[in-house]
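J.: dropping a prediction and its sequence here:
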Amino acid sequence: MSTSEQFDPNIHAELVYDGGDKVHAPERLGNPKPDQLQGTPLEQLAELAGRVCYDSLGAEKARGSVAYHAHIREVGHLSVYEHCVFTVEVATPRATWPDPLTYELLEVLVNRPGVFVRILPASVRVTCNLRSVLEFFNGTATSPVTPAVLTNGDRLVRASCALAPVVLSHRDPVHPSWSVVAPERDEEKWITLLMCGSRGMSHELGRHGDFTAISQRSTRFLDEDATPWVEHPLLTTFQRGLPSEVRLDLIGGLPLVEAARDVYRGVVRVLAVKHPRKQVRGVARGFLGNALYTEVIFSASVAQWRYMLRMRCSDAADAEIRVLFSKALRELQRSNHGDRFADLGLRPATDGIGEVLI
């Protein structure tokens, strides 16, 4: 057994998507209904990211896939589409570069979040996500949207519409000079994992904002009074060998945990008489600890994963996130881009808790 497997099983990483033709829905998230997780891989990925926020995978009253995407477009909460990354190559012969249309498009794209641009001798490669496409084409770009920019925005949508036809609602022929291509650079290759652990861990994950996409279980929407608390690996290690009668045993119900749950339930019960339940839970969650279990759909470029592994699989990292990222490394190594992690190995951490990069 590897040392990372000796701790709370709720500290968990699992491969979800690696750019192939299949999205993996982890069992711990539920079993989708027949009308859920339909469509292209990118549409499925966005839907799964949204459903982890509201624990709605397989829920009886939850929308089907088509209605789900229509609802996301209607309310405008497009962050789930940040997970859906692809690369489009635009033919721009250097002899005539920069042509005015491409230049105006680049002027907007290079200043936008979620976009990575490479200028090559005979083309421009634009790596972006569905949110950046939707917001750009809907006229919410930060730079002035000129007719030339709209023309190229239309080309970008047409080039990518086959990847997410339900989301983009655009089925016109692809412009001949624009084509979706396979990723080449580490910044163009993206991998999605399910990352599980404590709320304290997820706060640290949120610090990795560049070249990532994050969708997390919502404590405002969901009832958390029965949600488990995660035992920190340091506590697990400390208690090994202690007599059972003196173990703190966080998972089994440390008095503080039950006290917090009682306060949580009481706040919900009292405030729900006059206020919407989602608002009430927003108040009540303040009485739950950082050890509360959470689930995160987390996407990042290969380049960013490698950076995060160096930061988190180290002796200086918090023991929980260190255990999580050692599990993440094993998942990344079995992905379609596993060769980009083959040079990374693990050894026992200096303090004996989990593993770190060699």
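T.: That came in fine, so what should we check first?
J.: sec struct for Leu194, please.
T.: Three-state assignment for Leu194 (DSSP: H, G, I helix; E, B strand; the rest coil): strand.
J.: ok, Glu89 - contacts?
T.: By Cβ atoms under 8 Å, 6 or more residues apart in numbering, the residues touching Glu89 are Ser123, Val124, Arg125, Val126, Trp178, Ser179, Val180, Val181. Where C-beta positions appear, they are placed from N, C-alpha and C, glycine not excepted.
J.: restricted to strands, list those residues.
T.: Residues of these located in strands (DSSP state E): Ser123, Val124, Arg125, Val126, Trp178, Ser179, Val180, Val181.
J.: in PyMOL, select just the buried ones from these.
T.: A single PyMOL command selects the buried members of the ones in strands among the contacts of Glu89 (16 or more other Cβ atoms under 10 Å):
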select buried, resi 123+124+125+126+178
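J.: could I get the contacts of Glu89 as TSV with distance to Val88 and pLDDT?
T.: Converted to TSV, the contacts of Glu89 look like this (distance: Cβ to Cβ, whole Å; pLDDT from 0 to 100):
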residue	distance to Val88	pLDDT
Ser123	10	85
Val124	9	87
Arg125	7	91
Val126	5	91
Trp178	6	84
Ser179	7	89
Val180	6	93
Val181	7	95
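J.: any chance of those residues in a markdown table, plus distance to Met311?
T.: What follows is the contacts of Glu89, written out as a markdown table (distance: Cβ to Cβ, whole Å):
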| residue | distance to Met311 |
| --- | --- |
| Ser123 | 34 |
| Val124 | 32 |
| Arg125 | 28 |
| Val126 | 28 |
| Trp178 | 36 |
| Ser179 | 36 |
| Val180 | 32 |
| Val181 | 31 |
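J.: so where do the helices sit in the stretch 251-358 of the chain?
T.: Taking DSSP state H, counting those that start in this stretch as the criterion, the stretch 251-358 of the chain contains helices spanning 255-271, 277-284, 302-312, 319-333.
J.: give me whichever of those helices is most buried.
T.: Comparing the helices of the stretch 251-358 of the chain by mean neighbour count (mean count of other Cβ atoms under 10 Å), helix 319-333 ranks first with a mean of 24.
J.: report all helices and strands that that helix contacts.
T.: Where contact means 3 or more Cβ pairs under 8 Å, 6 or more residues apart in numbering; DSSP states H and E, helix 319-333 is packed against strand 12-17, strand 190-198, helix 199-205, helix 233-239, helix 302-312, strand 355-357.
J.: what does the last one contact?
T.: Strand 355-357 is touched from outside by 2-4, 309-310, 313-315, 317, 322-323, 326, 344-350, with contacts defined as Cβ under 8 Å, 6+ apart.
J.: go again with 7 Å.
T.: 3-4, 309-310, 313-315, 322, 326, 344, 346-349 (Cβ atoms under 7 Å, 6 or more residues apart in numbering).
J.: that older thread, which two of the contacts of Glu89 have the greatest separation?
T.: Using Cβ to Cβ, the two most remote members of these are Val124 and Val180, lying 13.9 Å apart.
J.: ranges for the strands of the protein?
T.: Remark: strands assigned in the chain by DSSP E are 12-17, 85-91, 115-119, 123-129, 178-181, 190-198, 212-216, 293-301, 346-348, 355-357.
J.: re earlier: so for Leu163, which of the helices of the stretch 251-358 of the chain sits nearest?
T.: Of the helices of the stretch 251-358 of the chain, nearest to Leu163 by Cβ to Cβ is helix 302-312, at 19.4 Å.
J.: quick one, that closest one and strand 293-301 angle?
T.: Using axes from the mean of the first three to the mean of the last three Cα atoms, to 10 degrees, the inter-axis angle of helix 302-312 relative to strand 293-301 is 130 degrees.
J.: could you check the angle strand 115-119 makes with helix 302-312?
T.: Relative orientation of helix 302-312 versus strand 115-119 (the same axes, to 10 degrees): 120 degrees.
J.: which elements pack onto the worst-scoring helix or strand of the chain on mean pLDDT?
T.: One helix or strand of the chain scores below all others by mean pLDDT, DSSP states H and E: helix 100-109, with a mean of 71. Helix 100-109 makes packing contacts with strand 115-119, strand 123-129, helix 147-160 when contacts are defined by 3 or more Cβ pairs under 7 Å, 6 or more residues apart in numbering; DSSP states H and E.
J.: so how far is the last one from its chain's centroid?
T.: Per Cα atoms, centre = their mean, to the nearest Å, the displacement of helix 147-160 from the mean C-alpha position of its chain is 27 Å.
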